[in-house]
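Participant: With the sequence up front, the predicted model follows.
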Number of protein chains: 2
Amino acid sequence: MSGGEFNSWQSVQAEVLRRINAREWKPGEFIPNEAELAIEFNCARATVNRALRALADTGLIDRRRKAGTRVALHPVRKATLAIPVIRSEIEGKGQSYRHSVLVEERVAPPPDVRARMRTGPGDRLVHLVTLHLADGKPYVFGDRWINPKAVPAIETADLKAQSANEWLVANVPFEGGDFSFSAMTAGKREAEILACKEGEGLFVIDRSTWNQDQVITSVRLTFAPGYRMHTEI
Amino acid sequence: MSGGEFNSWQSVQAEVLRRINAREWKPGEFIPNEAELAIEFNCARATVNRALRALADTGLIDRRRKAGTRVALHPVRKATLAIPVIRSEIEGKGQSYRHSVLVEERVAPPPDVRARMRTGPGDRLVHLVTLHLADGKPYVFGDRWINPKAVPAIETADLKAQSANEWLVANVPFEGGDFSFSAMTAGKREAEILACKEGEGLFVIDRSTWNQDQVITSVRLTFAPGYRMHTEI
DNA sequence: CAGGTTAATATGTATATACTTATAATCCAT
DNA sequence: ATGGATTATAAGTATATACATATTAACCTG
């Protein structure tokens, strides 16, 4: 019974994975507790803990104190996604990167943006529309709003040299953010900026980042047709 | 100098985060090594390790043996994404779930699918087109190919009662998968199935799952207009 | 039997210690 | 200089032990 050589948390993880895959432990079922597995695998409980914690992070098993550990009913639910950093993404493909600022203004935002940014009625925000080009061809454009109350230094930043995203990443810490991914239909404006046809389906990322209760910036990235975001598990 | 009460890895993590956010440790800079931080925080090195490892997992810091730990240049690069399980997603919103099978056949696939599934020239695959409805309205449809060599039991499964995805999740273990997210333009077929207008932008997920070198299944989910996938960091 | 208290238990975490491994830095011979 | 061996270092990991914490399960008590 007492198994073979399981002296690394990876090997324990691999064996647990094998049993789950082989349906020795079926979805929804409890698996033995850490202490029992440690004895079986002839290793320390901390090693088993490390292995199981890693599996729990991926969503393959569910763990609760006192209750125990069970195989998740829907084994695959989480994937790690790399958020694109436009410049590196383009340069990583061996293409040249360039960007140009289409709009730079300080205005009172439309109601939807005001709601998203949680700013007062009279507040004016920095509004930037930036086009990013790969090998000279439109790749994505960003429609961005920045709250100068959260980022006073934005007033003096030179956003011609460095894109707003790069400047913000380098100069403004933030605590949280949320992302959403969707599709839209290219209208006249998008078709013009991205040099595509009206009515094409475009991939869109909306992102906002905040500190405490203040929204720092909110941006919509609209990608040229053909863009794909990829991940593995 | 020797800090206050840092007796949990979370508190160490919080303090490291604070220093990064406060730019006490700037992007690209090295931070003190684990041993030094352990002394400063008056805790065990393992505790510091746990905290830093968690931060490295999110992409906020980069770590390498011997070299040390530095603050990442592009702080935010990874997000955990919940892969939607259609039925739960719909029922979770309090809507009723229903699905119907539009196509169920066993045929030799077109060349692009054959390449993706890595099957031989003569091989026939199970092809399923399934529409998922929320409160009776089209929500998403899946165009799926299954390799019966990798999943012999598929022949006898009743895919009317349970959707192919649910059946596969419950019955077929797999080792890896890849996902890609993109947008497409609704053509005649998509418009018909999803009851939307031709030319609308649709959100698309392509997914395949495999075991060793065998591709088990490959599916394209095409969502009705308005779908958004959301995540936080 | 309902409802609240208590005990039992599995995971979660902290610690000291020891050893492993990747690799940057140094040294040395050519 | 150049390239190859050596060394020093920081992260990575394993382990025994101890204690914390969230729950479940068992036990009262009215």
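Facilitator: Thanks, I have it. Model, not experiment: these values are computed from the prediction.

Participant: so who does the residue most central in space within chain A touch?
Facilitator: Per CA atoms, centre = their mean, the C-alpha nearest to the average position across chain A is that of residue A:83, at 4.5 Å. Residues in contact with residue A:83 (CB atoms under 8 Å, 6 or more residues apart in numbering or on different chains) are A:179, A:207, B:76, B:77, B:78, B:79. For glycine as for every other residue, the C-beta is placed from the backbone atoms N, C-alpha and C.

Participant: Kindly report the same for residue A:5.
Facilitator: A:11, A:42.

Participant: Quickly find the element holding it.
Facilitator: Under the criterion DSSP states H and E, no helix or strand holds residue A:5.

Participant: Look up how far residue B:222 lies from it.
Facilitator: Residue A:5 sits 48 Å away from residue B:222, going by CB to CB, to the nearest Å.

Participant: Need the pLDDT of the residue in chain A positioned nearest to DNA strand D.
Facilitator: Using CB to the nearest atom of the strand, the single residue of chain A nearest to DNA strand D is residue A:8, 2.7 Å away. For residue A:8, the pLDDT comes out at 94.

Participant: rewinding a little: so which of the contacts of residue A:83 is the closest to residue A:19?
Facilitator: When those are compared for distance to residue A:19 (CB to CB), residue B:78 wins out at 28.7 Å.

Participant: And the pLDDT at that closest one?
Facilitator: On the pLDDT scale, residue B:78 gets 83.

Participant: So what pairs up with it in the strands?
Facilitator: Beta-bridge pairing of residue B:78 under DSSP bridges involves residue A:82.

Participant: what about the strands in chain A?
Facilitator: Using DSSP state E, the strands of chain A run over residues A:30-31, A:61-64, A:68-71, A:78-82, A:97-107, A:125-134, A:137-146, A:176-185, A:201-211, A:214-223, A:228-232.

Participant: hang on, the earlier thing: got phi/psi on the residue nearest to the centre of chain A?
Facilitator: phi -80, psi 130 (degrees, to the nearest 10).

Participant: Any figure for the gap between it and residue A:157?
Facilitator: Relative to residue A:157, and taking CB to CB, residue A:83 is found at 22 Å.

Participant: surely residue A:29 meets residue A:70?
Facilitator: Yes: applying CB atoms under 8 Å, one finds residue A:29 in contact with residue A:70, separated by 6.0 Å.

Participant: More neighbours: the two, which one.
Facilitator: residue A:70 (17 against 13; other CB atoms under 10 Å in any protein chain shown).

Participant: Excluding chain neighbours, give the residue nearest to that one in space.
Facilitator: Sequence neighbours aside, residue A:30 is the residue nearest to residue A:70 in space, at 4.8 Å (criterion: CB to CB, 6 or more residues apart in numbering or on different chains).

Participant: do residue A:20 as well
Facilitator: Closest to residue A:20 by CB to CB, 6+ apart is residue A:71, at 5.5 Å.

Participant: Pairing partners for the one you found in the sheet, please.
Facilitator: What pairs with residue A:71, by the bridge criterion (DSSP bridges), is residue A:61.

Participant: Can you get me a residue count around it?
Facilitator: Residue A:71 has 20 nearby residues by other CB under 10 Å.

Participant: Could you report the distance from the residue lying closest to residue A:100 once chain neighbours are set aside to chain B?
Facilitator: Leaving aside its sequence neighbours, residue A:100 sits nearest to residue A:131 (CB to CB, 6+ apart; 5.3 Å). Here the criterion is CB to the nearest CB, to the nearest Å. By it, residue A:131 lies 18 Å from chain B.

Participant: Over to residue A:15?
Facilitator: Counting by CB to the nearest CB - residue A:15 and chain B are separated by 14 Å.

Participant: Hmm, that residue is touching residue A:41, no?
Facilitator: Yes: if you go by CB under 8 Å, residue A:15 and residue A:41 touch, sitting 7.2 Å apart.

Participant: Redo the strands of chain A as JSON lines? Include distance to residue B:143.
Facilitator: Converted to JSON lines, these look like this (distance: least, CB to CB, whole Å):
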{"stretch": "strand A:30-31", "distance to residue B:143": "36"}
{"stretch": "strand A:61-64", "distance to residue B:143": "31"}
{"stretch": "strand A:68-71", "distance to residue B:143": "29"}
{"stretch": "strand A:78-82", "distance to residue B:143": "21"}
{"stretch": "strand A:97-107", "distance to residue B:143": "35"}
{"stretch": "strand A:125-134", "distance to residue B:143": "30"}
{"stretch": "strand A:137-146", "distance to residue B:143": "27"}
{"stretch": "strand A:176-185", "distance to residue B:143": "17"}
{"stretch": "strand A:201-211", "distance to residue B:143": "16"}
{"stretch": "strand A:214-223", "distance to residue B:143": "23"}
{"stretch": "strand A:228-232", "distance to residue B:143": "17"}
